[in-house]
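Asks: What shape does this take:
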Amino acid sequence: MNLPNFITLARLLSVPVIVWLILLHEQSLAFIIFLIASISDALDGFLARILKERTTLGAYLDPIADKALLVGVYAALGNEHLIPLWVVILVIFRDTIIIGGIILLGLLSKTFKMEPFLISKINTTIQLLYIVYVLSPLPAIIGIPILGEMIAWTVGITTLISGASYVKVGLEILTREDV
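Replies: Okay, here's the model as predicted:
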């Protein structure tokens with residue numbers, strides 16, 4: 001296992017710790033570990049590119065770690081009523097549809113390349129920033145109550161667009177005649 005994949009695996013293993021800390025109301029510690037995990041998301045990809053260590057394992061492991069981190073933390077934050085439930089449902093539903101689609105395409109032996117869309121990367125970044133905003137002391141420091149609501153709506157809109165993009169491509173692959 002190379003360094004970028006090791007970093008990705010560490011991010012994946014941090015998910016239950018972060019979720020547990022949120023449920024224990026240890027928000028500051030959850031924030032610190034989540035921040036490290038979020039930074040590792042950029043770091044593993046950067047290292048894979050500059051060290052020329054891109055692997056098939058990394059191509060699959062990275063989105064799995066991202067989805068586990070986001071779904072786990074959104075579910076925990078929703079459980080603690082720190083974010084609106086509609087955002088939690090939307091984020092989890094989108095990722096469930098994507099994972100289900102990938103499994104379906106695999107079962108039907110449809111070939112496709114596993115690459116995230118630009119809107120998906122933007123969506124993931126906004127979802128991560130929303131968690132940072134919620135877990136950090138920023139809401140109290142900034143003191144603009146509507147800011148959290150605006151970020152939640154931005155997460156919702158980008159999640160819908162990103163999810164629709166994956167569904168569209170998935171349907172195109174399903175209806176494509178393999179040559």
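
Asks: Against which helices or strands is the biggest helix by length in the chain packed?
Replies: Longest helix of the chain, by residue count under DSSP state H: helix 145-175. Judged by 3 or more C-beta pairs under 8 Å, 6 or more residues apart in numbering; DSSP states H and E, the packing partners of helix 145-175 are helix 85-107, helix 118-135, helix 138-142. In this view, the C-beta of every residue, glycine as well, is placed from N, C-alpha and C.

Asks: For it, what is the distance to the chain centroid?
Replies: A distance of 12 Å separates the centroid of the chain from that of helix 145-175, by C-alpha atoms, centre = their mean, to the nearest Å.

Asks: between it and helix 85-107, how big is the angle?
Replies: 20 degrees (axes from the mean of the first three to the mean of the last three C-alpha atoms, to 10 degrees).

Asks: Give me the buried positions along helix 145-175.
Replies: For helix 145-175, the neighbour count (16 or more other C-beta atoms under 10 Å) marks 148, 151-152, 154-156, 158-159, 162-163, 166, 170, 173 as buried.

Asks: quick one: it to helix 118-135, angle?
Replies: 150 degrees.

Asks: residues contacting the residue lying closest to Leu3 once chain neighbours are set aside?
Replies: Closest residue to Leu3 apart from its sequence neighbours, by C-beta to C-beta, 6 or more residues apart in numbering: Leu47 at 5.8 Å. For Leu47, the contact set (C-beta atoms under 8 Å, 6 or more residues apart in numbering) comprises 3-4, 7, 53.

Asks: follow-up on the earlier one: for the helices and strands packed on helix 145-175, which one ends up most surrounded?
Replies: Among the helices and strands packed on helix 145-175, judged by mean count of other C-beta atoms under 10 Å, the one packed with the most neighbours on average is helix 118-135 (a mean of 19).

Asks: List the contacts of it.
Replies: Taking C-beta under 8 Å, 6+ apart as the rule, helix 118-135 contacts 22, 27, 30-31, 34-35, 38, 41, 66, 70, 73-74, 77, 82-83, 87, 91, 116, 138-139, 147-148, 151-152, 154-155, 158-159, 161-162, 165-166.

Asks: Of all the helices and strands packed on helix 145-175, which one is nearest Leu13?
Replies: Each of these has some distance to Leu13 by C-beta to C-beta; the shortest is helix 118-135, at 17.7 Å.

Asks: Run the chain-centre distance for the closest one.
Replies: The chain centroid and the centroid of helix 118-135 are separated by 8 Å, computed with C-alpha atoms, centre = their mean.

Asks: Let's see if you can find the most crowded of the contacts of Leu47.
Replies: Pro4 (25 neighbours; other C-beta atoms under 10 Å).

Asks: Done for today, thanks.
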